[in-house]
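*Asks:* Need the 3D shape of this:
(one chain, ligands or ions: 2)
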Amino acid sequence: MDTEIVILNQDNIDKSVIKRAGDILKAGGLVAFPTETVYGLGGDALNPESSRKIYAAKGRPSDNPLIVHIATMDALRKIVTDIPDGALKLASRFWPGPLTMIFNKNELVPRETTGGLDTVAVRMPSDKIAAALIEAAGGYIAAPSANLSGRPSPTVAKYVIEDMDGRIDMIIDGGDSEVGLESTIVDFTAGEPMILRPGYITKEMLEEALSQDVSIDKAIIDTNSKTPPKAPGMKYRHYAPKGELAIIEGDSEAVIAEINRLSEEASLAGLKTGVIATEETKARYHADSVKSVGHAGREDEVAHHLFRILREFDDEGIEKMYSESFADSGVGAAVMNRLLKAAGHKVIKL
Ligand code: TXA
Ligand code: MG
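*Replies:* Ligands and ions are numbered 1, 2, ... in the order given. Take a look at the predicted model:
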């Protein structure tokens, strides 16, 4: 398949391109597009054939449900059986934005889109290109992250092209994703609100907006948990770079010394090494590739850069990677969730 690649400017969106992309989606085709979290691989959410094509293009297991992207609250009302009060509160505070909520679906949403579930995940993105495209496509775009299954989510179009060129109809390049990590997922279908995937909208922000406690799916925190995570996608090994990544945790000076020691050891064994450092520490490391993921203590910067850096290490053929550890409060909870997955939970505590 020939994939058309187009560049759009967030501040001056070419309407003829949006119209063409919308027509592709309405006809059952696939279009990758930017959002404020990561790039999405879009198809018409109400067309079962489109959802089948999405799974095929990603090489994704079809029991892993897709998120339905909308542009208006009216669109939400049409596809769910009820909207809990808490969900309305969160929608008015955080939509459009990097928040996904789980609802009980009605018959308009095909099971192909929800991986066989009676519930549906819905998000209203704030990215202007995404919003325009959703309207042009008829109101509902099913979109997982636009990576091949198992690879880090793309936050720049270059990596969408790397994974999806030749597999889908169109790729829209809209620049860097602002947030850099996938949306926070909150479930309301089991009564009390529960976080199924941490993201940029933190537990504290949700609790403040709802004036109540919000729990986190235990399977996410306890990696030895026997119960599977409630978001089926969280059970898969995800965000994996091609090389091997370890997280080194401890006092800053000790971490620097240990990473340098490990990296020298790997070098002597003939392996290409990479380090994930901060602006403050990057000059202290000796490795084939040292990358700054942002300023120390700025977990939002780490979120923005992390997935791109993992992809760059792949491009450079890095075989052994070492990362500093980050605070796991606020946005840091989402950063550490993704970093731990990328490392296959390999943590060296000093
Ligand atoms: O930021 C995002 O959410 C990005 C952009 C493109 O919007 N999308 C994204 O989609 O990350 P994806 O498919 O990579 O991740 C969707 C996650 C999976 O873990 C999936 O299992 C979960 O959402 N999910 C979807 N529908 C669900 C449902 N009905 N119940 C529980 N989890 C659900
Ligand atoms: Mg994904």
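*Asks:* show me where the stretch 101-250 of the chain has strands.
*Replies:* Assigned by DSSP state E, counting those that start in this stretch, the stretch 101-250 of the chain shows strands spanning 119-123, 141-142, 170-173, 184-187, 194-197, 215-216, 244-249.
*Asks:* nearest to residue 302, of the ones you listed?
*Replies:* Proximity to residue 302, assessed across the strands of the stretch 101-250 of the chain by C-beta to C-beta, is greatest for strand 244-249 (12.4 Å). The C-beta positions use only the backbone N, C-alpha and C, and glycine is treated the same way.
*Asks:* Most proximal residue of the chain with respect to ligand 1?
*Replies:* Closest to ligand 1 within the chain is residue 233: 2.2 Å, counting by C-beta to the nearest ligand atom.
*Asks:* mind listing what that residue touches?
*Replies:* Counting by C-beta atoms under 8 Å, 6 or more residues apart in numbering, residue 233 touches 64, 65, 197.
*Asks:* hmm, try it at 7 Å
*Replies:* residue 64 (C-beta atoms under 7 Å, 6 or more residues apart in numbering).
*Asks:* Pull out the buried residues from the helix or strand harbouring residue 77.
*Replies:* Taking DSSP states H and E as the criterion, residue 77 maps to helix 73-79. For helix 73-79, a neighbour-count test (16 or more other C-beta atoms under 10 Å) marks 75, 76, 79 as buried.
*Asks:* So which residues on the stretch 201-350 of the chain come close to ligand 1?
*Replies:* Neighbours of ligand 1 within the stretch 201-350 of the chain, by C-beta under 6 Å from any ligand atom: 230, 231, 232, 233, 234.
*Asks:* And the residues you listed, which two are furthest apart?
*Replies:* In those, the most distant members under the criterion C-beta to C-beta are 230 and 233, with 10.3 Å between them.
*Asks:* Give me the distance between the nearest residue to residue 177 once chain neighbours are set aside and residue 84.
*Replies:* Spatially, and ignoring its direct neighbours in sequence, residue 177 is nearest to residue 155 (4.2 Å; C-beta to C-beta, 6 or more residues apart in numbering). Distance of residue 155 to residue 84, computed by C-beta to C-beta, to the nearest Å: 32 Å.
*Asks:* Which one's more surrounded, the two?
*Replies:* Taking residue 155 and residue 84 together and counting by other C-beta atoms under 10 Å, residue 155 has the greater number of neighbours (27 against 16).
*Asks:* Might you report the residue contacts of that one?
*Replies:* 38, 176, 177, 180, 307, 308.
*Asks:* if we go to 10 Å?
*Replies:* By C-beta atoms under 10 Å, 6 or more residues apart in numbering, residue 155 lies in contact with 34, 37-39, 145, 176-181, 303-309, 311.
*Asks:* do residue 55 as well
*Replies:* Neighbour list for residue 55: 43, 61, 62, 63, 64, 66, 112, 115, 144, 149 [criterion: C-beta under 10 Å, 6+ apart].
*Asks:* Can you classify it by secondary structure?
*Replies:* Three-state call for residue 55 (DSSP: H, G, I helix; E, B strand; the rest coil): helix.
*Asks:* can you map out the strands along the stretch 251-350 of the chain?
*Replies:* Under DSSP E, counting those that start in this stretch, the stretch 251-350 of the chain gives strands at 273-277, 289-292, 320-324, 347-349.
*Asks:* deepest of those, which one?
*Replies:* Of all those, strand 273-277 has the most neighbours on average by mean count of other C-beta atoms under 10 Å, namely a mean of 27.
*Asks:* same for that one, what does it pack against?
*Replies:* Judged by 3 or more C-beta pairs under 10 Å, 6 or more residues apart in numbering; DSSP states H and E, strand 273-277 is in contact with strand 244-249, helix 252-268, strand 289-292, helix 299-315, strand 320-324.
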